[in-house]
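**Q** Predicted model, plus sequence, below.
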Amino acid sequence: MSTVFSAAPLRTADAACCVAYESWHVEATVDKAEKSINAEIAMMESSIVEALRQATGQLSGNMKEGLAGNAQIADLADKRDVQRALEKERLDATSASISGASTCNVVTGTVGSQDLEAASKEWAGSVSDLQVAYDAGEAGAATAGKGPAIEARLEMHCRLYATQEDVDRGICKTVASEEDGMAGKDRNVRTLLDAKNSVLSPKEQDAAVVFLNGALNPSPLGAVSSGMMQSENGRAIAAKREDSIKRQSIINNVGTTLASRYVPMDIEVVGTESGKVSAQVLKDWAEATSKLVLGYDPDPDVENFPDGVSYEARMELQSKSWFMNPTWAIANDAATEPTQVLKDMAMMQAFQIYQNYDISKTLRETSLSLATIASILEAGYRQDNNL
């Protein structure tokens, strides 16, 4: 017997399941999802744009602040450069204004010696005038004639400068005072040329003048009688006397000018208030400077110029104040600015120029002395040849 199977009825899906797979439903679902995703993307884009906008603004602000900061830094650097330049100019100016090692010393010595040359000339002139008057028989013992004029000189030697030899030979009666130490000082030119620190003491000045009187004019003419002028021969002799006195005055001037260089500036000789001030300034300068110069007494309690400063002493001390001054040499060696050394060199050159002027004056006097010698020779020639 055959068995007959009957077909079972087909089961269909649930409605919901069938609906989910409908094509129109799928499209709707996809569209909804797309819209949702697009909305989220749009929101994200908006957020990103806003973030970028804010970041750009912040960056712009930072850049602006950075530029402002850089400008301030550049401005500050410029100000510092300007300040540095000003400081450099100020430092250079300060360095340039630094005096040389000897500048102040030279200036002080110059100010102090402003009346020194005038005082020396005044002393020389007064002594020379007296010598001319004595030679012409118009002063002192010379008014009594030639013999008394010569005898008076010998008496002065015996009174002030007599030596033991003078007494032994019967020339003088007593020896000069040993306390003065002036015995024989009127005989030797070293009294003049070897004056301590180139300054003659008052007594040495007198001895120097006596020496010059005897050495340069050993036979003063003295006065002549008035009756001598009445004859032709007498007048001719008077004319020759005048010529001789003139030539002798040149010789006297050379001697007194030399001696005056060793005579210290005396406030009484200068006579003016400015002269008194400069005399003291010069002495203070000389005492202070000499303590630093080799060859002078360095003891601060000892005066190197107790009688004052002479023209020769000032010139000698200033000359030695460079080469013979270790303090100056050390200061000059330690100079940090070339201008200091240049200023010292300028001071030396200026002083050398003044020395050259002093030499030129001496050469003029030498020329005059040579002319006097030539005049004497010419006068002898004329006399010998009855011209």
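**A** That came in fine, so what should we check first?
**Q** In terms of helices and strands, where is residue 359?
**A** Secondary structure from DSSP states H and E places residue 359 in helix 338-384.
**Q** who does that helix touch, helix- and strand-wise?
**A** helix 103-112, helix 232-260, helix 311-323, helix 326-333 (3 or more C-beta pairs under 8 Å, 6 or more residues apart in numbering; DSSP states H and E). Just so you know, the C-beta spots here come from the backbone N, C-alpha and C atoms, and that holds for glycine as well.
**Q** Return the member of those having the minimum mean pLDDT.
**A** Among these, helix 103-112 has the lowest mean pLDDT, at a mean of 73.
**Q** Show me which residues of it are buried.
**A** 105-106, 108-110, 112 (16 or more other C-beta atoms under 10 Å).
**Q** Could you do stretch 368-378 as well?
**A** Neighbour-count burial for stretch 368-378 [16+ other C-beta under 10 Å]: residue 372.
**Q** do stretch 254-268 as well
**A** 254-267.
**Q** Not counting it itself, show me its contacts.
**A** 115-116, 119-121, 123-125, 127-128, 131, 192, 195, 198-200, 205, 208-209, 212, 215-216, 275-276, 278-280, 282, 305, 307-313, 365, 368-369 (C-beta atoms under 8 Å, 6 or more residues apart in numbering).
**Q** out of these, which are buried?
**A** 115-116, 119-120, 123-124, 127-128, 131, 192, 195, 198-200, 205, 208-209, 212, 275-276, 278-279, 282, 305, 307-313.
**Q** Among those residues, which ones are in helices?
**A** 116, 119-120, 123-124, 127-128, 131, 192, 205, 208-209, 212, 275-276, 278-279, 282, 311-313 (DSSP state H).
**Q** quick one: low-confidence ranges for the protein?
**A** Judged by pLDDT under 70, the chain has its weakly predicted residues at 1-30, 52, 54-64, 66, 69, 88-103, 179, 266-278, 335-337, 386-387.
**Q** Run a quick neighbour tally on residue 80.
**A** Residues near residue 80, counting by other C-beta atoms under 10 Å, number 10.
**Q** what sits against residue 282?
**A** So residue 282 contacts 109, 112-113, 116, 265, 308-309, 314 (C-beta under 8 Å, 6+ apart).
**Q** And the furthest pair within the residues you listed?
**A** 109 and 308 (14.2 Å; C-beta to C-beta).
**Q** Residue 181: what secondary structure?
**A** coil (DSSP: H, G, I helix; E, B strand; the rest coil).
**Q** measure it to residue 194 for me?
**A** Remark: distance between residue 181 and residue 194 (C-beta to C-beta, to the nearest Å) = 14 Å.
**Q** returning to what we had before: export the contacts of residue 282 as JSON lines, with columns for distance to residue 162.
**A** Below are the contacts of residue 282 laid out as JSON lines (distance: C-beta to C-beta, whole Å):
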{"residue": "109", "distance to residue 162": "41"}
{"residue": "112", "distance to residue 162": "39"}
{"residue": "113", "distance to residue 162": "38"}
{"residue": "116", "distance to residue 162": "35"}
{"residue": "265", "distance to residue 162": "31"}
{"residue": "308", "distance to residue 162": "29"}
{"residue": "309", "distance to residue 162": "32"}
{"residue": "314", "distance to residue 162": "34"}
